[in-house]
Structures are given as C-alpha cells and as structure tokens.
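Visitor: Need coordinates for the following:
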Amino acid sequence: MTARLGVSAAGTSAERYSRGIEVLKRIGGAGYDIPVHRLAQVAPDLARFTVEFAYGDILSRPGLDLRLRQIATVAALMAHGSVQPQLKYHMTGFLNAGGEPAELVEMLFQAIAILGFPVAIDAVGIVREIFRERGLVFDPIAPVSDDGTARYQRGLEVLDGLMANPEAYMEKLESTSPELARWSVEFAFGEIFGREGLNPKARQIAIISMLAAAGNRSDLLRLHIEAGLKSGLSRTEITEALMQLAVYAGFPSALNAFGVANAVFTKPEQKEKEGAGGWVSANAIVSEPRKARSERGLATLAKTSAQAGEAVVNSFNDLAPDIGRAIVEHSYGDIFNRAGLDAKTRELAACSALAAVGSKATETPLRVHANAALTAGATQAEIVETLLNLLPYRGYPAVEESMRVVGEEFRKRSDSEVGALTS
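Guide: You can find the predicted model right below:
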C-alpha cells in the first residue's frame with residue numbers, strides 16, 4: 001500500500017470552509033464574499049471548493065505571509081492575461097493585506113521584462129481604478145534622472161549578483177543574437193530587475209510566479225529561484241508560492257515549476273564567487289544615452305502608431321511615467337526602428353504575435369499595430385491573411401477574436417475616411 005504523502009489540511013469540510021472565509025475576509029475586505037455568492041448561484045459546489053481549497057487549504061498556510069501570497073497571486077494572474085476581474089480583486093487584496101500602492105505599481109515594471117508591455121498597458125487601468133475607488137492620492141513614481149549610459153554596467157552588476165556563472169548566460173544569448181544579449185543586460189537587468197521599489201524578496205516572488213504561470217521558462221525560472229534564495233527567501237516560502245500556483249495557474253503549471261525548484265534545492269551549494277567585480281569591469285560598455293534613444297523612438301512612434309501609440313505611452317503619466325518612457329526608448333527606439341525588417345513587415349509581425357497570444361491584455365496593442373500596419377502600407381487583405389496564417393498554430397477561437405478586433409479598427413478607419421471626405 002502506498003504511504004500517504006505530505007500532511008493533509010486539518011479539519012472537516014466545515015472547518016476548512018470557516019478557515020477559508022477568514023482568509024477571504026482579510027483579502028476581500030468589505031465585499032469579500034460577493035464573487036463567492038455570485039458563483040454559488042450557478043455552481044454551489046465550486047463556490048464551496050474555492051473557499052475550502054483555495055483559501056482554507058492553501059492561502060491559510062503559515063509558510064508565506066499574506067502580503068507575499070498576494071504578490072504571487074497578482075503575478076500569476078497578470079501572466080494569464082485575460083482574468084481582469086480576478087486581477088482587480090487580488091490587487092485590491094494586496095493592499096488589504098498590507099501592501100503599498102507604490103509596490104503594486106512597481107509590479108507593472110517587473111511584468112514588462114517577464115511578460116511584455118501589453119500586460120502593463122492592460123493592468124495600469126485596473127490599478128488606476130482601484131486607487132480611485134479607494135480615494136488614494138498617488139504621487140507618480142519619479143522618473144529616472146540619469147543619462148542612461150551606465151545601464152549596461154548596472155545590468156552586469158545585477159546579473160552578476162543573481163547567478164553563479166553569468167558568463168555562460170551571456171555566451172548562450174550572444175551566440176545567436178548579440179542584440180538580445182545586450183538588451184537583456186541593459187534593459188531587463190539594468191532598468192527593470194535593478195529597480196528598488198520592491199524589496200528583493202517581493203521582487204523574486206513576483207518574478208518566480210510570473211515565470212512559472214507563463215510556463216516553458218525553465219532556465220529563467222531556475223535562475224530566479226536561485227536568486228530568490230540568495231535574496232533571503234526560504235525554501236518554504238518558494239515552495240508555498242509555487243504550491244499556490246495550483247489555484248491560480250493550474251496544477252500542471254505548479255507541478256512543472258516544482259520540477260525546476262527541486263533541481264535547484266538538490267543542487268550542491270556553490271562556493272561564493274571571487275573577483276566578481278573584476279568580471280563586471282572587464283565586460284562593461286557605455287550604453288547609448290537616453291536622449292538619442294528617445295528622439296529616435298519618438299520619430300518612429302510618430303511615423304508608425306501616431307496618436308494611438310502616443311495615447312498608450314501617455315497612459316502611464318499619472319502613475320509611472322517611466323513605463324511610457326521605456327515604451328518609447330526600448331520598443332520604438334531600440335527595436336521597432338531597426339533596418340532588418342521594413343516597416344510594413346514589422347507591423348504585420350507585431351499583429352501576428354499579438355493575435356497569437358490572444359489574451360485580453362493584447363487587445364489594445366493589436367488595435368494599435370493593426371492601424372500602424374495600415375499606415376505603413378499594408379492592405380486590410382494582408383492583415384487578414386496574417387491572421388488567417390495563425391489558424392493551424394492557434395486554432396479558430398483565437399483567430400476569430402483577433403479578426404473581430406481588427407475588423408472594428410477597419411470600420412473605424414473607413415468611417416473616419418468617409419467623414420473626412422464629406423466634411
């Protein structure tokens with residue numbers, strides 16, 4: 001007979017439900033039970049399972065404090081991309097659990113590097129709505145004031161602090177794309193992971209949860225689990241965060257993440273590196289100044305996305321202007337202006353990528369880039385063909401939804417052109 005594994009949650013169904021309700025109250029505040037009651041009208045057993053299992057068995061466990069649990073939950077839901085009501089509930093729950101508004105905004109920065117700009121673009125509206133409903137007066141996070149030339153060196157320092165063998169990481173990227181290697185250091189590590197708005201433990205919980213929920217990110221997940229241990233997270237805290245993924249990202253995501261975590265936990269401890277600072281100094285280069293990247297990015301933005309792109313960039317000004325700045329400097333200044341693809345092909349590729357993701361978070365960017373493709377000379381038929389090409393790879397539902405979005409943009413554009421002719 002197989003021995004019982006682990007320790008089961010204590011108590012009867014009624015005790016688990018009661019324990020779950022207490023956690024739910026701490027997270028949900030005054031309206032904590034509204035979603036559960038709404039669900040119970042359709043599926044009473046699922047409502048009960050939600051309280052008993054998710055809150056009574058998992059979130060009530062003592063191995064991870066509730067604030068960090070909410071960071072893990074918010075991160076996993078952001079990775080999903082299409083669960084905005086639940087994301088809003090748990091962002092609010094993070095504040096109810098003692099989290100700071102600025103920490104919530106900082107999570108948008110982490111999402112940029114791990115999940116992409118569309119997730120931050122989508123989430124900023126939810127954060128703004130929460131602050132308004134709570135009557136919070138939020139001072140925007142101050143923009144960086146440096147000239148940007150030290151981004152690569154700062155990225156190397158962060159990279160060197162996270163991993164035992166940064167040289168191997170760099171060589172692996174450089175062998176295929178030196179540009180990707182440089183941007184990973186300059187932008188992901190130098191501008192995002194080196195930010196101080198989240199303490200190291202909270203930042204690594206967020207990153208680990210995003211990577212694990214996104215799936216198929218084993219190498220980076222391994223790196224950030226190691227970094228989490230180095231930042232002060234215990235194995236228990238990491239284990240609890242990954243266990244929680246079973247609730248918010250499904251058991252397969254959690255089980256795959258535990259396979260990576262087990263490899264980290266059972267790996268022999270490595271000796272502390274010696275002379276790490278010398279490696280950073282020997283490999284540091286001077287990064288391009290922000291001003292040049294910004295000017296190039298603004299010119300590319302004006303040429304491609306015009307007012308629609310500018311509206312997205314400016315949508316962060318009241319909370320975190322640096323996210324808008326990063327869109328201009330990195331997306332448009334570093335990437336979209338490159339000569340390797342002509343403007344039309346690049347915009348069609350963007351439409352394909354966004355439609356393939358097919359989440360609610362990618363809807364607004366798909367609208368922006370469909371219009372940018374038309375501005376760059378693509379025909380409506382070419383955009384339609386780009387989406388039809390996805391059918392074998394993403395299936396009919398994702399393509400049908402993307403076709404709905406671009407169809408609306410086609411009609412808006414046609415209406416505005418007719419209006420211009422008749423005015």
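
Visitor: hey, where'd the helices end up in the stretch 51-200 of the chain?
Guide: Under the criterion DSSP state H, counting those that start in this stretch, the stretch 51-200 of the chain contains helices at 66-80, 84-96, 101-115, 117-133, 151-162, 166-174, 178-183, 200-214.

Visitor: likewise the stretch 301-423 of the chain?
Guide: Here the stretch 301-423 of the chain has its helices, by DSSP H, counting those that start in this stretch, at 306-314, 321-326, 343-357, 363-375, 380-388, 391-394, 396-422.

Visitor: now those as CSV including mean neighbour count, mean pLDDT and distance to Gly155?
Guide: In this view, the C-beta of every residue, glycine as well, is placed from N, C-alpha and C. Shown next, in CSV, are the helices of the stretch 301-423 of the chain (neighbours: other C-beta atoms under 10 Å; pLDDT from 0 to 100; distance: least, C-beta to C-beta, whole Å):
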stretch, mean neighbour count, mean pLDDT, distance to Gly155
helix 306-314, 17, 82, 23
helix 321-326, 21, 96, 14
helix 343-357, 21, 97, 25
helix 363-375, 24, 96, 26
helix 380-388, 16, 98, 34
helix 391-394, 12, 98, 33
helix 396-422, 13, 85, 34
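
Visitor: With distance to Leu223 as added columns, please give those in JSON lines.
Guide: Output for the helices of the stretch 301-423 of the chain, formatted as JSON lines (distance: least, C-beta to C-beta, whole Å):
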{"stretch": "helix 306-314", "distance to Leu223": "30"}
{"stretch": "helix 321-326", "distance to Leu223": "22"}
{"stretch": "helix 343-357", "distance to Leu223": "23"}
{"stretch": "helix 363-375", "distance to Leu223": "27"}
{"stretch": "helix 380-388", "distance to Leu223": "34"}
{"stretch": "helix 391-394", "distance to Leu223": "28"}
{"stretch": "helix 396-422", "distance to Leu223": "30"}
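
Visitor: for those helices, which one sits closest to Gln153?
Guide: Distance to Gln153, taken as C-beta to C-beta, is lowest for helix 321-326 among the helices of the stretch 301-423 of the chain, at 18.6 Å.

Visitor: Compare the helices of the stretch 301-423 of the chain and give me the one nearest Asp122.
Guide: Judged by C-beta to C-beta, the one of these that comes nearest to Asp122 is helix 363-375, at 6.9 Å.

Visitor: thinking again about what came up before, worst average pLDDT in the helices of the stretch 51-200 of the chain?
Guide: The weakest mean pLDDT among those belongs to helix 166-174, with a mean of 84.

Visitor: Distance of Leu387 relative to Ile121?
Guide: Remark: distance between Leu387 and Ile121 (C-beta to C-beta, to the nearest Å) = 21 Å.

Visitor: low-confidence ranges in the stretch 201-350 of the chain?
Guide: In the predicted model, the stretch 201-350 of the chain carries pLDDT under 70 at residues 270-279, 281-282.

Visitor: can you tell me which of the helices of the stretch 51-200 of the chain comes nearest to Ala308?
Guide: Proximity to Ala308, assessed across these by C-beta to C-beta, is greatest for helix 117-133 (11.9 Å).

Visitor: nearest spatial neighbour of the most centrally placed residue in the chain, skipping sequence neighbours?
Guide: The chain has Ala111 as the residue nearest its centroid, 2.7 Å off, counting by C-alpha atoms, centre = their mean. Nearest residue to Ala111, sequence neighbours excluded (C-beta to C-beta, 6 or more residues apart in numbering): Val119, at 4.6 Å.

Visitor: From Val368, how far out is that neighbour?
Guide: Taken as C-beta to C-beta, the span from Val119 to Val368 is 15 Å.

Visitor: Check Lys88 too.
Guide: 23 Å.

Visitor: Spit out the contact partners of the spatially closest residue to Glu186 that is not a sequence neighbour.
Guide: Distances taken as C-beta to C-beta, 6+ apart put Arg151 closest to Glu186, at 4.5 Å, once the chain neighbours are dropped. By C-beta atoms under 8 Å, 6 or more residues apart in numbering, the contact set of Arg151 is 186-187, 190-191, 287.

Visitor: Out of those residues, which is nearest to Glu240?
Guide: Nearest to Glu240, judged by C-beta to C-beta, of those is Glu191 at 29.7 Å.

Visitor: Quick check, that closest one in contact with Ala326.
Guide: Yes. Counting by C-beta atoms under 8 Å, Glu191 touches Ala326, with 6.9 Å between them.

Visitor: Pull up the overlap in contacts between those two.
Guide: Counting by C-beta under 8 Å, 6+ apart, Glu191 and Ala326 have no contacts in common.

Visitor: Return the residues in contact with Ala202.
Guide: Ala202 is in contact with 67-68, 71, 103, counting by C-beta under 8 Å, 6+ apart.

Visitor: Give me the distance between it and Phe410.
Guide: 44 Å.

Visitor: Glu179: neighbouring residues, count only.
Guide: 14 (other C-beta atoms under 10 Å).

Visitor: Per-residue pLDDT of Val2, please?
Guide: Wrong residue type there; residue 2 is Thr, not Val. If you check Thr2, the pLDDT there is 42.

Visitor: related to what we said a few turns ago, wait, the residue nearest to the centre of the chain sits on Asp122?
Guide: No. Using C-beta under 8 Å, Ala111 is not in contact with Asp122; the gap is 9.5 Å.

Visitor: For burial, what's the neighbour tally of Leu220?
Guide: A count of neighbours around Leu220, defined by other C-beta under 10 Å, yields 17.

Visitor: Span of stretch 34-46 from start to end?
Guide: Start and end residues of stretch 34-46 are separated by 14 Å (C-alpha to C-alpha, to the nearest Å).

Visitor: Kindly report the same for stretch 25-37.
Guide: 14 Å.

Visitor: before we move on, what about stretch 59-70?
Guide: End-to-end distance for stretch 59-70, by C-alpha to C-alpha: 9 Å.
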